[in-house]
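Peer 1: Dropping the sequence and predicted coords here.
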Amino acid sequence: MISFQNLSISFKLKEKTKIKLWIKTIIDKEKHTLGTINYMFCSDDELLEINIKHLNHNTLTDIITFDYTENKKISSDIFISVDRVLENAKKFEVTFEEELHRVMIHGVLHLCGYKDKTKPDAEIMRKKENWALKLFK
């Protein structure tokens, strides 16, 4: 099951059904199964508070993924700052939706075992994101 919720912001996610099918397809192609993924859309301030409280990081970020995956059954709470996504879309000169989809699938790819802390890992992650984004269209 995949759900979408807002914390204290007003945000309307477009193409919910298509996004759910796309995420499930990526999970299947990565040889995992879907458990429960809860996407929570929030502001920069809310995500910063979560970042400080749970990860001890005092920095803005676009996504925080809490991984509850067991035996390749993907389950998670994924928090996404709509403010950060909007800012990054402008910075990278892409549409808001493209950047949002990239961030959403980035969290799923982490849950499938991909990392991005080293340069080689980040390159693999970016290739996987691009591959997944092509499947959405």
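Peer 2: The structure has been received and is ready for your questions.
Peer 1: Show me what stretch 91-104 is in contact with.
Peer 2: 14, 19, 22-23, 39, 62-63, 78, 80, 82, 85-86, 88-89, 129, 133, 136 (CB atoms under 8 Å, 6 or more residues apart in numbering). Bear in mind the C-beta positions are built from the backbone N, C-alpha and C, glycine included.
Peer 1: Revised request: answer the last question for stretch 109-119.
Peer 2: Contact with stretch 109-119 is made by 26-27, 30, 32, 37, 65, 67, 69, 74, 76, 106, 121-122, 124-125, 128-129, 132, as judged by CB under 8 Å, 6+ apart.
Peer 1: picking up where we left off before, quick one, which of the contacts of stretch 91-104 are buried?
Peer 2: Neighbour counting with 16 or more other CB atoms under 10 Å marks 19, 22-23, 39, 62-63, 78, 80, 82, 85, 88-89, 129, 136 as buried within the contacts of stretch 91-104.
Peer 1: returning to that earlier point: by neighbour count, sort out the buried ones in the contacts of stretch 109-119.
Peer 2: 26-27, 30, 32, 37, 65, 69, 74, 76, 106, 125, 128-129, 132.
Peer 1: can you put the residues you listed in CSV and add pLDDT?
Peer 2: Putting these into CSV (pLDDT from 0 to 100) gives the following:
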residue, pLDDT
26, 97
27, 97
30, 96
32, 97
37, 98
65, 94
69, 95
74, 96
76, 97
106, 96
125, 95
128, 96
129, 96
132, 97
